[in-house]
Structure formats: C-alpha cells, structure tokens
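Q: model this:
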Amino acid sequence: MLLLTRAQPALLPWPLCAAVFAVLLGACAAPRPDPRAEAAAALALGAPDAIVFRADAAPLDEPGAPDALPLAQAVRRALSSEPRIQSALARVRVAMADADQARLLPNPVLDVALRWGPGKPQVEVSLAQDLILALRIPRHASAADSRLRQAVADAVTVALDSVAEVQERYIAVQTLESLVPVLVERWELVDKLVATARARLEAQEGTRSDLTTLEAQRVELDVDIAEERRQLAEERLRLARLIGEPSGAATWRVDPWTAPALVSTVEARWIDAGLQGRPEVQSAAWTLAALGDEAALTRLLPWEGLGAGADAQRDGDWAVGPSVSTPIPVFDMGQARRARATAEQIEARHNLTLAKRRVVEEVRVALQSLAASAANLNRVQSELIPLQQQRRRQAEIAYRAGQTDVTAMFLAEQDLRAARAKAIEVEQQMSLALVRLQRAVGGPGVAATLGESTPTTPPAVPVSSINPSPTRDASHAPNR
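A: Below you'll find the model as predicted:
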C-alpha cells in the first residue's frame with residue numbers, strides 16, 4: 001500500500017509522482033463487455049424479442065388467459081413470464097455490476113493527526129492509496145468479465161430448460177388428449193363384449209369364465225382411463241404454471257397432436273453444433289478463464305500491504321521525506337492460496353471435459369431415440385395397423401357369414417384400437433426425442449442452422465391419419 005503523507009502538494013518529490021502516475025496508468029482496464037443475455041437466449045431459441053428483462057416481480061397470474069393455446073404462444077408466454085429466466089437475467093446484472101466495480105480504483109484514505117505536547121502542536125497529514133489493488137485491476141477486471149459471460153451462458157441455459165419443459169408438457173397434454181378418447185372407445189367395445197358374453201351365458205352358449213375375463217378387462221380399462229385423465233389434469237396444471245397462469249382453469253384448447261419428421265443430418269454435424277452452441281460448455285469455459293486470471297493474481301499475494309510514499313510532519317517547520325513499507329514474506333508467501341487456485345483450475349478443466357462429454361452423449365442418445373422411434377412408428381403404421389384392420393375385416397366377414405359370433409369381431413376391433421393407441425404413444429416419443437435433440441445442441445435456433453427439415457414446433461401430421469374412424473369425445477366415457 002502506498003502511503004502519501006503530505007502537508008503541501010508542492011512538497012511531493014516529482015519522481016514519486018511519476019511512479020504513482022505510471023502505476024495508476026497501468027491499472028487501467030479495457031471497457032466492460034456488454035453481452036446481451038436476452039439477445040443470446042433469443043438467438044438460441046429462434047424466438048426474437050421474446051425475452052424482456054422485468055425489474056418488477058410478475059403478478060401471480062398473467063392477464064389475458066387464452067381460449068386456444070398454440071405451442072408457439074405457450075413458448076412465448078413462458079419466456080415472457082418465467083421467474084427463473086428473470087432471476088437469471090438479474091444475476092447477469094449482478095455480474096455486470098461486479099465487472100464495473102472491478103475497474104474502479106480504491107478510494108484514497110486521508111489521515112490527519114494532531115498532537116499536543118511541549119512546544120507547538122504537531123500536525124501530520126497523510127493520503128494513502130493502495131497500489132497493489134490498483135495493479136490487480138486489469139486481471140481482476142478480466143476475471144469479472146469472464147464471470148459476466150458465464151452468467152450470460154447460465155441465463156441462456158435457464159431459458160433453454162424452460163422452453164424444453166414447456167414443449168414436453170405441451171406434448172404430454174396433446175398426447176393424452178388424443179389417447180383418452182381411444183381408451184374410451186376400447187372401454188365401450190369391451191362393455192359390448194361383456195353384454196354379449198352375459199347374453200350367451202344366459203342362453204347357455206357361453207361360459208362364466210369368458211364373462212369374468214371380459215369384466216376384468218373392463219375394470220382394467222376403467223383404471224387406465226381414470227389414470228390417463230388424472231395425468232392429463234396434472235399436465236394441464238403444470239403447463240398453466242409454466243405459461244404464468246398457476247391459478248387459471250387450464251381449459252384452453254391445444255393444437256392437435258402432431259409427429260415430427262425424421263431429421264436427415266449426419267451425427268457429426270449435430271455433435272459439433274452442440275459443442276459450439278451449448279451454453280453449459282460455454283459456461284464451463286468462461287469459469288476456467290476466470291480462474292486463470294484469479295490464479296495469476298496470486299503472484300502479488302506476498303506483497304500485499306506494500307507501500308511507498310512521502311511522510312510530512314510539521315513541528316514548527318515542515319519536514320518531508322520518502323518512506324517505504326514492505327511485508328517480509330517469511331511465513332505466508334501465498335503458497336496455500338496458489339495451491340487452492342491451481343486445484344480450482346484443475347476442477348474446472350475436468351468440469352469442462354464433463355460438459356463436452358455430456359453434450360456428445362445427449363446428442364447421440366436423442367438422435368438414436370428419434371431414429372428408433374421413427375422406425376418403430378413406421379412399423380406400427382405400415383404393418384401393425386394394416387394387419388389389425390385386415391383382421392377386423394376378416395372377423396366381420398366371418399360374423400356376417402355366420403361362421404363366428406360377434407365376440408371375435410369385437411376383440412379384433414379392440415386390438416385395432418390398441419394398435420392406434422400404440423401409434424400415438426410412439427409419436428409422442430418421437431416428438432420428445434426432437435425436443436431433446438434441439439436442447440442437446442443448444443436450442444431450436446441452433447438446430448435450425450443445421451439445415452433441419454423440421455421447424456421449431458413439430459410439423460402437422462393429423463392424428464386422423466392413423467385413426468380414420470370417428471373419435472368420440474372423452475366425456476362420453478362412463479362415470480367412474
């Protein structure tokens with residue numbers, strides 16, 4: 001620490017003034033960077049102007065509850081009202097303030113001492129300025145800038161997680177909205193089978209075992225329908241919270257559930273895009289950069305408290321002379337803090353490697369899941385459903401010819417509807433795989449730069465294409 005003690009500025013030696021000026025000039029740091037977290041998140045999400053920082057807390061329920069809720073609108077409402085995103089943006093502002101603070105010189109300290117004794121009073125005036133802190137400014141500012149960029153990357157991560165959660169909840173609602181009516185139709189068919197089996201038993205043409213089996217299947221479907229409706233209600237409430245309406249009725253209409261098309265892109269391009277675009281990797285890299293600057297600062301640790309200046313004292317006349325104070329690095333030479341900084345850098349390097357490996361894993365798993373689900377869906381739509389339809393027609397022909405009773409036809413119809421329900425479930429797996437693939441590479445906006453053939457929201461493939469028979473409303477199910 002530099003101690004400047006003076007009574008009159010003109011008494012300071014000019015070599016000392018030059019030294020102080022040189023140190024302060026070297027302490028100047030470059031201007032703080034201005035990374036815009038909102039713009040970075042919008043670029044990753046492919047949703048410009050969707051995120052705006054809000055200084056005031058949002059209300060419990062956002063106004064303007066819609067009657068219809070398309071997926072794009074659900075995503076935008078989530079981006080504009082999600083508290084986690086606003087908290088992350090506030091942390092970016094905190095990092096900005098820290099970066100500004102790191103560029104400021106420490107305030108000088110004015111010390112005035114007045115002593116009485118024999119003779120005239122003695123006056124001492126000193127002005128202290130810590131030069132070690134000034135010398136630390138460039139590195140300290142660089143570390144703070146890296147922490148700022150890390151905070152921006154973390155904010156983008158929060159935004160991506162929020163959008164992925166909205167998409168998954170929306171897909172779950174769409175799937176359950178399509179699946180419940182199919183289960184209701186299956187229940188109605190089983191109910192008809194129960195009535196037929198009971199009539200055959202009363203006519204002494206059937207067995208009690210057949211009736212009991214069918215009644216058990218009907219009860220199982222009762223349980224399945226109740227469980228699916230419970231999940232549908234829960235998913236709607238979760239989605240309502242994500243779009244800023246936790247107290248809302250959650251009765252809005254969602255888009256018909258659709259299936260994504262298979263992306264025909266080589267795996268290596270997706271992995272490269274993920275390694276470059278994932279904010280988690282960027283955050284780990286900026287953390288490592290900040291720790292490098294902080295480790296460099298430990299070289300000055302043994303000399304903390306170093307001071308040089310001029311002492312001036314008035315005892316009748318002014319007496320001025322230079323002074324130097326320096327620590328003697330005997331016990332603490334900064335070795336412990338340097339070892340800590342080195343260990344933190346080692347940890348950060350391993351965390352960066354871990355983040356990159358997770359990106360590769362998540363991209364490959366998502367691509368594999370998308371390809372496998374597409375192949376499975378093609379198998380269900382091109383093989384299983386046509387075979388069940390053929391079986392249904394054959395059973396109906398046999399029934400009309402009097403070769404079998406109506407039970408065989410009902411069972412064939414039930415298996416056909418079960419195949420259609422399987423198709424809906426596999427299509428849901430495809431949509432979720434696409435959402436996770438987009439998340440794995442750093443967002444829909446990054447995925448769009450790869451020449452992806454699918455938009456941010458899954459393309460329209462009407463459910464009716466796999467369910468040509470009219471679908472009854474879920475409210476027609478029996479009361480349970």
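Q: Report the secondary structure element holding the residue nearest the centre of the chain.
A: Centroid-nearest residue in the chain, with Cα atoms, centre = their mean: residue 161, separated by 2.4 Å. Under the criterion of DSSP states H and E, residue 161 resides in helix 137-202.
Q: Can you mark which positions in the next helix or strand after that helix are buried?
A: Sequence-wise, the next helix or strand downstream of helix 137-202 (DSSP H and E) is helix 208-242. Residues 210-211, 214-215, 217-218, 221-222, 224-225, 228-229, 231-232, 235-236, 238-242 are the ones in helix 208-242 that count as buried (16 or more other Cβ atoms under 10 Å). Any C-beta I mention is one placed from the backbone N, CA and C, and that applies to glycine too.
Q: contact partners of the following helix or strand past helix 208-242?
A: Downstream of helix 208-242, the next assigned helix or strand under DSSP H and E is strand 253-254. Contacts to strand 253-254, defined as Cβ atoms under 8 Å, 6 or more residues apart in numbering, come from residues 67, 68, 69, 70, 71, 170, 173, 174, 177.
Q: Pretty sure residue 277 sits against residue 446.
A: Yes: proximity of residue 277 to residue 446 meets the contact threshold set by Cβ atoms under 8 Å, at 4.1 Å.
Q: Report the set of residues contacting both of the two.
A: With Cβ under 8 Å, 6+ apart, residue 277 and residue 446 have common neighbours residue 44.
Q: Run through the neighbouring helices and strands of the helix holding residue 161.
A: Here helix 137-202 touches helix 37-45, helix 71-81, helix 83-102, helix 208-242, strand 253-254, helix 279-297, helix 406-440, going by 3 or more Cβ pairs under 8 Å, 6 or more residues apart in numbering; DSSP states H and E.
Q: what is the rounded mean pLDDT of the fourth one?
A: Taken as a whole, helix 208-242 carries a mean pLDDT of 93.
Q: Between helix 137-202 and that helix, find me the angle.
A: 150 degrees (axes from the mean of the first three to the mean of the last three Cα atoms, to 10 degrees).
Q: Any regions of the stretch 201-350 of the chain where pLDDT drops low?
A: Counting by pLDDT under 70, the ranges of the stretch 201-350 of the chain that qualify are 259, 261-265, 302-303, 305-312, 314-316, 319-326.
Q: rewinding a little: is it possible to get JSON lines of the helices and strands packed on helix 137-202 that adds distance to residue 149?
A: Listed next are these as JSON lines, based on distance: least, Cβ to Cβ, whole Å:
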{"stretch": "helix 37-45", "distance to residue 149": "10"}
{"stretch": "helix 71-81", "distance to residue 149": "21"}
{"stretch": "helix 83-102", "distance to residue 149": "8"}
{"stretch": "helix 208-242", "distance to residue 149": "28"}
{"stretch": "strand 253-254", "distance to residue 149": "38"}
{"stretch": "helix 279-297", "distance to residue 149": "5"}
{"stretch": "helix 406-440", "distance to residue 149": "21"}
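Q: Go through these and name the closest to residue 392.
A: Closest of these to residue 392 is helix 406-440, at 4.4 Å (criterion: Cβ to Cβ).
Q: buried stuff in stretch 404-416?
A: By neighbour count with 16+ other Cβ under 10 Å, stretch 404-416 contains the buried residues 407, 408, 409, 410, 411, 412, 413, 414, 415, 416.
Q: And the contacts of that stretch?
A: 186, 189-190, 192-193, 196-197, 200, 210, 385, 388-389, 391-392, 394-396, 398-399.
Q: ditto for stretch 91-101
A: Contacts to stretch 91-101, defined as Cβ under 8 Å, 6+ apart, come from residues 32-33, 37, 53, 141, 144-145, 147-148, 150-152, 154-155.
Q: What spatial separation is found between residue 269 and residue 375?
A: Distance, residue 269 to residue 375, using Cβ to Cβ, to the nearest Å: 21 Å.
Q: So residue 450, which state does it fall into?
A: Of the three states, residue 450 takes coil under DSSP: H, G, I helix; E, B strand; the rest coil.
Q: Could you give the number of residues near it?
A: 16 (other Cβ atoms under 10 Å).
Q: tell me the contacts of residue 57?
A: By Cβ under 8 Å, 6+ apart, the contact list for residue 57 reads residue 83.
Q: That one: what secondary structure?
A: Relying on three-state DSSP, one would call residue 57 coil.
Q: In the stretch 251-400 of the chain, mark out all the strands, start to finish.
A: 253-254, 307-315, 317-325 (DSSP state E, counting those that start in this stretch).
Q: circling back: which among the contacts of stretch 404-416 end up buried?
A: For the contacts of stretch 404-416, a burial check counting by 16+ other Cβ under 10 Å picks out 186, 189-190, 192-193, 196-197, 200, 210, 385, 388-389, 391-392, 395-396, 399.
Q: any idea how far residue 240 is from residue 248?
A: 5 Å.
Q: same thing with residue 397?
A: 51 Å.
Q: These two: which is more packed in?
A: residue 248 (18 against 12).
Q: Compare the helices and strands packed on helix 137-202 and give me the one nearest residue 132.
A: Closest approach to residue 132 among these (Cβ to Cβ): helix 279-297, 10.1 Å.
Q: Which secondary structure elements does the closest one sit against?
A: Helix 279-297 packs on helix 137-202, helix 335-379, going by 3+ Cβ pairs under 8 Å, 6+ apart.
Q: roughly how far is the first one from the heart of the chain?
A: Here the centre of mass of C-alpha atoms in helix 137-202, compared against the chain's by Cα atoms, centre = their mean, to the nearest Å, lies 15 Å away.
Q: now swap in stretch 61-69 and tell me
A: 24 Å.
Q: Stretch 408-427 now?
A: The chain centroid and the centroid of stretch 408-427 are separated by 37 Å, computed with Cα atoms, centre = their mean.
Q: same thing with stretch 361-381?
A: Averaging C-alpha positions (Cα atoms, centre = their mean) puts stretch 361-381 23 Å from its chain's average.
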